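A.B. asks: Predicted structure and sequence below. I'll ask about it afterward.
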Amino acid sequence: MQKNYDVAVVFGGISSENEVSVITGAMACNVLKNGGKSVLPVYIDHGGVMRAAEELADVGVYKKRGYEKFAECAFKRGGLVLMNGRGKPKREIKIDCVLNCCHGGAGEGGGIAGVCAVNLLPFASAGLFESSAFMDKYYTKLVLGGLGAKTAKYAYARDIAGAIAGVKALGYPVIVKPATLGSSIGICKCGNEEQLKEALETAFELDGCVLIEEYLSPRREVNCAVYFSDGQVITSLCEEVTSAGDVLSYDDKYCGGGSRVFPAQLEEGVAEGIRRETERVYSALDMRGIVRFDYILSKGEVYISEINTVPGSLSQYLLSDSYKSFYGVLEGLIQQAKSDFKKKSKKKIISTGILNNITPMGGKIK
């Protein structure tokens, strides 16, 4: 293993989306490596144990927990430290930049962004605020409402009783969503109270809070990806995704149950309007990294459904026509992260001197 790496790709995590994240992380590692970057894969398992090894870019390693033989690691200022078999620091590795490929959980929800911030590591993905805000579907509604974006009517609840009360104001049918999960895990359409109670029981087994939305019908689901590179906001063409059922499910996304049309065949001006709204919200929050905006079109209206700060496959299929050309997108993100980090590093940190006026306490408080 080298002493220095151009980029560390972090994936996995304490999340139901861990396996999907492995696929995204391995893809990103191999795209960067084939483009000429030195890449260190960093995998976080379901228990939160972090490991680093070049071999972790091979998806086959994760069958029968083959990753467990590789060294545990931890972030430190400017890089990583590898541990020996007794959990003691063994070797330090310098990292020039970090790319986040964690789906769900604290990994996508700001945890990796925060770790990199406190360890002074350039970060080529969504920042701490947008990561934490958009991981939670309720906070997403609040932020988008503040920006004047159109979203479907909803109710938010921390228990089944509260959720049932919220549905009374919305009326059936509704969609139940675990508030902090992604990849459509636990999402269910409900047309009556019996279906609602069953869906809520499942959702609360997976999460501590739920979002219930009105079911917009008829509906078309359209996605648009966006990123910031070389000082410019770049939006993808739109894609339309369809499901085998009433809502886009995990199977539709990852097991071939759904289908997609790219570019989406939309009425004149609709696609351009979606791209403008995506750029507007992204720019208003001064966001970074690849982010995918999910929209619902219904009865002539366009609603933002969700915002994904670590989208599946990093939206490679929306932003490039091949893995080879996707390298240019990732390289742009890395250079932008380094530029942002350099500018921020020049800002002054003030020492107020207030401690000089505090009486020594000697470790005791009376």
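C.D. replies: Nice, I can see it.
A.B. asks: which residues sit against stretch 136-153?
C.D. replies: Outside stretch 136-153, the residues that touch it by CB atoms under 8 Å, 6 or more residues apart in numbering are 109, 132-134, 154, 156, 170, 177, 179-180, 209, 211, 213-214, 216, 277, 280-281, 284-285, 296, 301-307. C-beta coordinates here come from the backbone N, C-alpha and C atoms, glycine included.
A.B. asks: Sticking with Lys344, tell me its helix or strand.
C.D. replies: Using DSSP states H and E, Lys344 sits in helix 323-345.
A.B. asks: all strands of the stretch 201-350 of the chain, in order?
C.D. replies: Assigned strands in the stretch 201-350 of the chain, in chain order: 210-214, 220-229, 232-235, 239-242, 259-261, 291-298, 301-308 (criterion: DSSP state E, counting those that start in this stretch).
A.B. asks: Test my guess that Ser16 contacts Ile185.
C.D. replies: Yes - taking contacts as CB atoms under 8 Å, Ser16 lies within contact range of Ile185: 5.3 Å.
A.B. asks: what do the two both touch?
C.D. replies: Both Ser16 and Ile185 are contacted by Leu206, under the criterion CB under 8 Å, 6+ apart.
A.B. asks: filter the contacts of stretch 136-153 to the buried ones?
C.D. replies: Restricting these to buried positions leaves 109, 132-134, 154, 156, 170, 177, 179-180, 209, 211, 213-214, 216, 277, 281, 285, 296, 302-307, with burial counted as 16 or more other CB atoms under 10 Å.
A.B. asks: ok, the most centrally placed residue in the chain - contacts?
C.D. replies: The central residue of the chain, meaning the one whose C-alpha is nearest the mean C-alpha position (CA atoms, centre = their mean), is Val310 at 2.8 Å. If a contact means CB under 8 Å, 6+ apart, then Val310 has 21, 24, 100-103, 107-108, 125-126, 131, 289-290 as its contacts.
A.B. asks: so what pLDDT did it get?
C.D. replies: On the pLDDT scale, Val310 is placed at 97.
A.B. asks: any idea how far Gly273 lies from Arg220?
C.D. replies: According to CB to CB, to the nearest Å, Gly273 stands 14 Å off from Arg220.
A.B. asks: I misspoke; the intended subject was Cys190.
C.D. replies: 21 Å.
A.B. asks: Looks to me like Lys37 is in a strand.
C.D. replies: No - with DSSP: H, G, I helix; E, B strand; the rest coil as the criterion, Lys37 is located in coil rather than a strand.
A.B. asks: picking that back up, just want to know which of Cys190 and Arg220 has more residues nearby.
C.D. replies: Per other CB atoms under 10 Å, whichever of Cys190 and Arg220 has more neighbours is Cys190, with 20 against 16.
A.B. asks: Surely the more buried one and Ile175 touch.
C.D. replies: Yes - because the distance of 7.5 Å satisfies CB under 8 Å, Cys190 is recorded as touching Ile175.
A.B. asks: JSON lines please, covering the strands of the stretch 201-350 of the chain and showing distance to Lys346.
C.D. replies: As requested, the strands of the stretch 201-350 of the chain are exported to JSON lines (distance: least, CB to CB, whole Å):
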{"stretch": "strand 210-214", "distance to Lys346": "41"}
{"stretch": "strand 220-229", "distance to Lys346": "20"}
{"stretch": "strand 232-235", "distance to Lys346": "22"}
{"stretch": "strand 239-242", "distance to Lys346": "40"}
{"stretch": "strand 259-261", "distance to Lys346": "44"}
{"stretch": "strand 291-298", "distance to Lys346": "26"}
{"stretch": "strand 301-308", "distance to Lys346": "30"}
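A.B. asks: what's the most buried one of the ones you listed?
C.D. replies: Highest mean neighbour count of the strands of the stretch 201-350 of the chain: strand 210-214, a mean of 25 (counted as mean count of other CB atoms under 10 Å).
A.B. asks: So which elements touch that strand?
C.D. replies: If you count contacts as 3 or more CB pairs under 8 Å, 6 or more residues apart in numbering; DSSP states H and E, strand 210-214 packs onto helix 137-146, strand 154-157, helix 160-170, strand 174-178, helix 193-206.
A.B. asks: That strand to helix 193-206, inter-axis angle?
C.D. replies: 150 degrees (axes from the mean of the first three to the mean of the last three CA atoms, to 10 degrees).
A.B. asks: Taking helix 137-146 as reference, get the angle to strand 210-214.
C.D. replies: With the same axes, to 10 degrees applied, the angle from strand 210-214 to helix 137-146 works out at 50 degrees.
A.B. asks: contacts for strand 210-214?
C.D. replies: Counting by CB under 8 Å, 6+ apart, residues outside strand 210-214 touching it are 137-138, 141, 152-157, 163, 166-167, 170-171, 174-179, 200, 203-204.
A.B. asks: Then stretch 319-326?
C.D. replies: With contacts defined as CB under 8 Å, 6+ apart, stretch 319-326 is touched by 27, 30-31, 34-35, 225, 227, 234, 236, 290, 314, 316, 328-329.
A.B. asks: Distance across that stretch, terminal residue to terminal residue?
C.D. replies: With CA to CA, to the nearest Å as the measure, stretch 319-326 spans 7 Å from end to end.
A.B. asks: So what touches stretch 40-47?
C.D. replies: Under CB under 8 Å, 6+ apart, the answer for stretch 40-47 is 1-2, 5, 7-14, 18, 22, 25-26, 29, 50-57, 67-68, 70, 73, 80, 93, 95, 102, 107.
A.B. asks: how many neighbours does Ala149 have?
C.D. replies: 19.
A.B. asks: quick one: it from Arg288, how far?
C.D. replies: Computed as CB to CB, the Ala149 to Arg288 distance reads 19 Å.
A.B. asks: Check Glu240 too.
C.D. replies: Distance of Glu240 to Arg288, computed by CB to CB: 27 Å.
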